[in-house]
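> here is my input; please provide its structure:
(one chain, ligands or ions: 1)
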Amino acid sequence: MSLPTEITDFLGILDESPVGVSVSRRRDGMVVFANRRFCEITGLGREHCIGHPARRHFADDAQRHEVVRQLRESGEIVDADVRFFRADGSSFWSVLTIRPATLEGEAVNLAWIYDVSKRKQAEQAILDGKSLIRAMLDSSTDGIVLLSPEGTILAVNAAASAIFEEDGEALPGRPVWNHLPAAVAEPMRRGVERVLTLGETVESHHAIGARLFDVHMHPVANAAGRHDRVAVFSRDVTQSHQRRQQLRKLETALEQAPVAVMITDSQGAIEYVNRAFVLVSGYSEDEVVGRNPRLLKSGETAATVYRDMWRRLAAGATWQGELCNRAKDGGLFWEYATISPIRDDDGTVTHFMAVKENITQRKETEQQLVHQATHDTLTGLPNRLLLEDRVHHAIEVAKREGRRVGLMFLDLDRFKIVNDSLGHVAGDQLLKVVSDRLRHTLRRSDTVARLGGDEFVVVLTHFQNSSELAEVAEKISAALDEPVELSGHKVHVGTSIGIALYPDDGDNFNSLMKDADAAMYRAKQKGRNTFCFYDSHMNDEALDRLKLEEALRRALVRGEFQLFYQPQVDLHTGLTTGVEALIRWNSPERGQVSPALFIPVAEESNLISMIGWWVLEESCRQIAAWREAGLAGIKVAVNVSGRQFLNHALVECISDLMAQYRVLPSQLEIELTESTVMAEPERAIEQLNRLREIGIQVSVDDFGTGYSSLSYLKRLPLSTIKVDRSFVRDVNNQSDNAAIVSAILGLADALDMSIVAEGVETEGEERHLKDAGCIKVQGFRYAKPMPADQLAQWMRREKSGI
Ligand SMILES: Nc1nc2c(ncn2[C@@H]2O[C@H](COP(=O)(O)O[C@H]3[C@@H](O)[C@H](n4cnc5c(=O)[nH]c(N)nc54)O[C@@H]3COP(=O)(O)O)[C@@H](O)[C@H]2O)c(=O)[nH]1
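You can find the predicted model right below:
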């Protein structure tokens, strides 16, 4: 299109304009003119602008539509911010103004563009910065409020709006005091004044409803450096306060806990201990912090316990178990510990926590109970249960090491007499003395146990041969043969010891015990206070003894006993002065059993008391029967065993029997063996005096076979000494027997006692005795023991002088 000159001039002017100008036809939007600046701004050559649609310059379709809409509605565009394309495809911000005009009758749009990219970028940067600050402020969990000196809210972040429970946009311009409780507003007002006056930060704590806040107020300066605003930062510390309180409660609970608590780091260095720990261990916190818990180690906890503990802890598991630890003062204490690993958020074990209950008392009670269950209460020695365990163990070790085990069975020889006569208290005292002597005689490695009663067992493991065992047995015998002082009485007990060996005699506890028991019985038979090694025949004997005991028991019930009577004769007159009652057992199974065989078994098994009472009663009954039969005045001497003699009830019992059968004291005599009298001389003196008070005379049997103390003999109220038949035998030919008999006669004379010589069998013996001055005799030479009816005939014959 060729343009008139005035138009060309106008366009020439526009071409020089510093603003980009383009002219486009309104009917088709085709550009008809673009000035130099327009081409510079868009980077397009003029030929790429003119003759092309104006819309192609718009970089944003939405903006283009808006421009078209406004043009349609108002016919012009004033200072719109629009993005245009550059020739290289990039875009720039421009301020666009379009005004309608007419060019040569053609309606056109005159468009001015002004590149505002730099300003836009700056604006965007500010906007970005502001929104960043805003975003930062809003993302803060602390409430932030900017206040004027009067307390007017200038700005708030989201957290502050939430505290005030108000819309954040509504708050600026309002006095902050209206949004605070009076109790908070007033101190805050003073705080603001102070911040602005002094220019310093003020900190305070406030409660708003149920929530707690830490408040920091900072001065904010203006461009001139003057503090003209206050920034208030409020931190909601409700939860942390509650947590702190909970922690404090936990700490108090830990401190006051009755259980010891210890926390170590992962390497075992102690970091914390509570008060219970300090009390139990005796160590202060300072003394243990930084140290390893092994400082409590006592050496009493089995190594396996620690191994198990570390195996579990290393696997990250909790360990529970009992530890025996040592306190600072050296004392031991027991703890039931639960040790658990403590992990951080990543699951790494950072610490270990030990919670330990003091179970010392329970342990001590347990140990006491175990001790009670395994030890004899009276002597404190191991009992049968523990003995069995020790023997098992000793056999196991001996088996491995190819050694022998010696088991000694001890039975006190005269314990039962002491117990019956002096009472249980003295008996207990005696057992304690015996225990102490055994303990002192043996090595610590040997076991001494009490089975009960007067039976003890010694187990020896360290000996070379059986003669060493014999030496030990001798030492024990010697120690127990020493007299024991009991309630003012000197008592001789003595012990019989049976010895069995592993593996020689048995390979288990029961067989060794059985064998040693059999050997002990043999030792008793050998004469007491001695020892005997087991040999295989002993078991048969022990079995026989047991059977005999059972048969004896039955005999009492079945009435298989009978009394025989042996006369005692006066050599001057040839008349019977009395008779000795001698028991006989007519066993349907065994036939006639000698009292020499069954009396010792009865003594061992306690049956002797019942048999003794039977003999006493039967003797009294017989005296009465003879009286009824016209044979008054027969004096009966009854053998009384040691146990029966020392029984408190003996005197009363004899009195009762005498009263029941109307027996005169002169018709009854008691015979005691020398050993019975001398076992307990003091006690014997007491009992003999009581018998004398009721008129009963006592003779001492088997005189010369035991060990009489002359000083005691002098004090004993005895009427007669019976010379044992071992001294009477062949007295006329054996000078030593003659000397003994002569000495006994002299003694009896000096002590004003009468003499009866036992077991006279020959005329020579009789003559010697008569010449020596012994008048009363007893023996087969005159009469053998006979049943009561035969004795009655014997007496009648004698009376009638036949
Ligand atoms: N506790 C009790 N002991 C009793 C009782 N009855 C008897 N015994 C004691 O038993 C032992 C054996 O007695 P026994 O077999 O009866 O022998 C007595 C006489 O038979 C025997 N004796 C008498 N004279 C002679 C003789 O000339 N030769 C000879 N070889 N033996 C003779 O002596 C025994 C009487 O002894 P002792 O009692 O010491 O006077 C014996 O120890 C009895 O004591 C009883 O009831 N209770």
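
> and Trp614, how many neighbours?
15 (other Cβ atoms under 10 Å). For every residue, glycine as well, the C-beta is placed using N, CA and C.

> which residue sits closest to it, ignoring its sequence neighbours?
Phe561 (6.3 Å; Cβ to Cβ, 6 or more residues apart in numbering).

> what's the spacing between that neighbour and the ligand?
9 Å (Cβ to the nearest ligand atom, to the nearest Å).

> now swap in Gly299 and tell me
60 Å.

> residues contacting the residue nearest to that residue when sequence neighbours are not counted?
Spatial nearest neighbour of Gly299, excluding adjacent residues (Cβ to Cβ, 6+ apart): Arg326 at 7.9 Å. By Cβ atoms under 8 Å, 6 or more residues apart in numbering, the contact set of Arg326 is 296-300, 332-333.

> hang on, the earlier thing: wait, the residue nearest to Trp614 sits on Met610?
No: under the criterion of Cβ atoms under 8 Å, Phe561 makes no contact with Met610, lying 10.3 Å away.

> more neighbours: which of these two?
Phe561 (19 against 14).

> I'd guessed Gly282 sits against Leu332; true?
No: judged on Cβ under 8 Å, Gly282 makes no contact with Leu332 at a distance of 12.0 Å.

> what about the helices in the stretch 201-350 of the chain?
All helices of the stretch 201-350 of the chain, identified by DSSP state H, counting those that start in this stretch, fall at 238-256, 275-281, 285-288, 303-314.

> I'd like the ones you listed as JSON lines, with mean pLDDT appended.
Shown next, in JSON lines, are the helices of the stretch 201-350 of the chain (pLDDT from 0 to 100):
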{"stretch": "helix 238-256", "mean pLDDT": "89"}
{"stretch": "helix 275-281", "mean pLDDT": "95"}
{"stretch": "helix 285-288", "mean pLDDT": "95"}
{"stretch": "helix 303-314", "mean pLDDT": "94"}
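
> can you list the ones you listed in CSV and add distance to Asp535?
Output for the helices of the stretch 201-350 of the chain, formatted as CSV (distance: least, Cβ to Cβ, whole Å):
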stretch, distance to Asp535
helix 238-256, 71
helix 275-281, 59
helix 285-288, 65
helix 303-314, 45
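
> so which of those is the most packed in?
Each of the helices of the stretch 201-350 of the chain was assessed for mean neighbour count using mean count of other Cβ atoms under 10 Å. The highest is helix 275-281, with a mean of 19.

> which strands and helices sit next to that one?
Other elements packing on helix 275-281 under the criterion 3 or more Cβ pairs under 8 Å, 6 or more residues apart in numbering; DSSP states H and E are strand 260-265, helix 285-288, strand 332-343, strand 349-358.

> the closest residue to the ligand within the stretch 401-550 of the chain: which element?
The ligand sits closest to Ile417 of the stretch 401-550 of the chain, with a gap of 13.2 Å, by Cβ to the nearest ligand atom. Secondary structure assigned from DSSP states H and E places Ile417 in helix 415-422.

> other residues contacting that helix?
426-427, 430-431, 453-454, 486-487, 489, 491, 493, 606, 642-643, 646-647, 676, 679-680, 683, 687.

> now, the residues you listed that are in strands?
486, 489, 491 (DSSP state E).

> quick revisit: and the pLDDT for the residue nearest to Gly299?
At Arg326, the pLDDT value in this model is 96.

> any idea how far Asp286 is from it?
To Asp286, Arg326 is 19 Å away according to Cβ to Cβ, to the nearest Å.

> also Ser467?
64 Å.

> Asp9 too?
Taking Cβ to Cβ, one finds Asp9 at 104 Å from Asp286.

> got a list of what Asn732 touches?
So Asn732 contacts 738, 762, 764-765, 767-768 (Cβ under 8 Å, 6+ apart).
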